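Undergrad: Have a look at this prediction, sequence included:
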Amino acid sequence: MTREEKATVIKDLTAQLADNPNIYLADISGLNAVDTSNLRRACFKANIKLAVVKNTLLAKAMEASDKEFGELPEVLKGNTSLMLSETGNAPAKLIKNFRKKSDKPLLKGAFIEEAVYIGDNNLDALVNIKSKEEVVGDIIGLLQSPAKNVISGLKSGGGKLAGILKTLSEKE
């Protein structure tokens, strides 16, 4: 690979790192052709970009990036695959699900919305991270709950002013 080609790869990787809020580094070495194909298919279905990268080029892209990757560049040893996703927990769920049949991929580290996670022991914590959509859904559910209580109380009061006032006073 020429110096110009390396510079192009670093520039492309830097752009990908800038465009994706959720970055996972995994080790998929040792997977046979069938398992690798199945992993790539699962990533495609889950809208996760998967690419095998050279550690030195990814390290230089991380240095050139505006993001603070903390200790993440230190895990760039051996085989490294880059997993990029819009949803913070999607790659973790995919890795955990895939490992029901295989001992790989191994999580080397992750950068999720500016938080850095190092090591495979963080996989369960990453699986449990809620996406923005899930958090918004939870908040809406919590906000709807008191309104539902008031509405059901108004309906149980019989619709008469005295019943409505009695119901509302009991709710306080």
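TA: Sure thing, it's come through.
Undergrad: drop to CA atoms for contacts and neighbour counts, all remaining ones
TA: Fine.
Undergrad: Flag the shaky bits of the protein, pLDDT-wise.
TA: In the predicted model of the chain, residues 146-172 satisfy pLDDT under 70.
Undergrad: mind listing the strands for it?
TA: Along the chain, counting by DSSP state E, strands occupy 22-27, 49-53, 80-85, 106-112, 115-118.
Undergrad: other SSEs contacting the third one?
TA: Just to be clear, that refers to strand 80-85. strand 22-27, strand 49-53, helix 90-98 (3 or more C-alpha pairs under 8 Å, 6 or more residues apart in numbering; DSSP states H and E).
Undergrad: For residue 8, which of the strands of the chain is the nearest?
TA: strand 49-53 (13.4 Å; C-alpha to C-alpha).
Undergrad: distance between that closest one and the chain's centre?
TA: Distance, stretch centre to chain centre, for strand 49-53: 16 Å (C-alpha atoms, centre = their mean, to the nearest Å).
Undergrad: any idea of the angle that strand forms with helix 90-98?
TA: In terms of direction (axes from the mean of the first three to the mean of the last three C-alpha atoms, to 10 degrees), strand 49-53 departs from helix 90-98 by 80 degrees.
Undergrad: What residues sit buried inside strand 49-53?
TA: Residues of strand 49-53 classed as buried by neighbour count (16 or more other C-alpha atoms under 10 Å): 49, 50, 53.
Undergrad: The residue lying closest to the first one once chain neighbours are set aside bridge partners, please.
TA: Taking C-alpha to C-alpha, 6 or more residues apart in numbering as the measure, residue 49 lies nearest to residue 84, with 5.0 Å between them; neighbours along the chain are not counted. Note on residue 84: beta-bridge partners residue 23, residue 49, judged by DSSP bridges.
Undergrad: Residue 84 reaches residue 44, doesn't it?
TA: No - between residue 84 and residue 44 there is no contact under C-alpha atoms under 8 Å: 11.0 Å.
Undergrad: between those two, which one's more packed in?
TA: Shown here are residue 84 and residue 44; by other C-alpha atoms under 10 Å, residue 84 has more neighbours (26 against 12).
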